[in-house]
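> task: produce atomic coordinates for the following.
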Amino acid sequence: MKFIDKLLNLISPGSVSPPPPIKTLQDLEIFDTVWVKDLDGNIQKGWVFDLNKKHIIVTIPMDGQFQDYRFRTIRPLTNTEINQNDIILYLNDPM
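Next up, the predicted model:
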């Protein structure tokens, strides 16, 4: 029986899930989950509240209130993070 199991594993290996695709600025949409590293070095999870050609507004829930961050959209649109005034917007999970 072990021989048959080994043979089946060689023919069709177990399902391996592919890694999630890397999100870039051109893939970003409203209500996407993003991460912001603030001036203190804390990384907080939030979502895109508003998105247009010039700005990205990110909302982060903090202690029953909401903190908003505004980032200027930069070129090229293949960037995966934006660094503005020592505050970093990560489009993919930095951890």
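
> alpha carbons only: can I get the worst-scoring helix or strand of the chain on mean pLDDT in CSV?
Confidence across the helices and strands of the chain bottoms out at helix 2-11, with a mean of 76, counting by mean pLDDT, DSSP states H and E. Output in CSV follows, covering the C-alpha atoms of helix 2-11 (Å, rounded to 0.1, in the frame of the first residue of the first chain):
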residue,chain,number,x,y,z
LYS,A,2,2.9,2.4,0.7
PHE,A,3,4.3,1.8,-2.8
ILE,A,4,0.9,2.8,-4.3
ASP,A,5,0.7,6.0,-2.1
LYS,A,6,4.3,7.0,-3.2
LEU,A,7,3.4,6.4,-6.8
LEU,A,8,0.2,8.5,-6.5
ASN,A,9,2.2,11.3,-4.8
LEU,A,10,4.7,11.3,-7.7
ILE,A,11,1.9,11.5,-10.3
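
> so which residue is smack in the middle of this protein?
Central residue of the chain (Cα atoms, centre = their mean): residue 92, 2.3 Å from the mean position.

> that older thread, so what does the least confident helix or strand of the chain touch, helix or strand wise?
The elements that helix 2-11 packs onto, with contact taken as 3 or more Cβ pairs under 8 Å, 6 or more residues apart in numbering; DSSP states H and E, do not include any helix or strand. Yep, even glycine has a C-beta here, placed from its N, CA and C like the rest.
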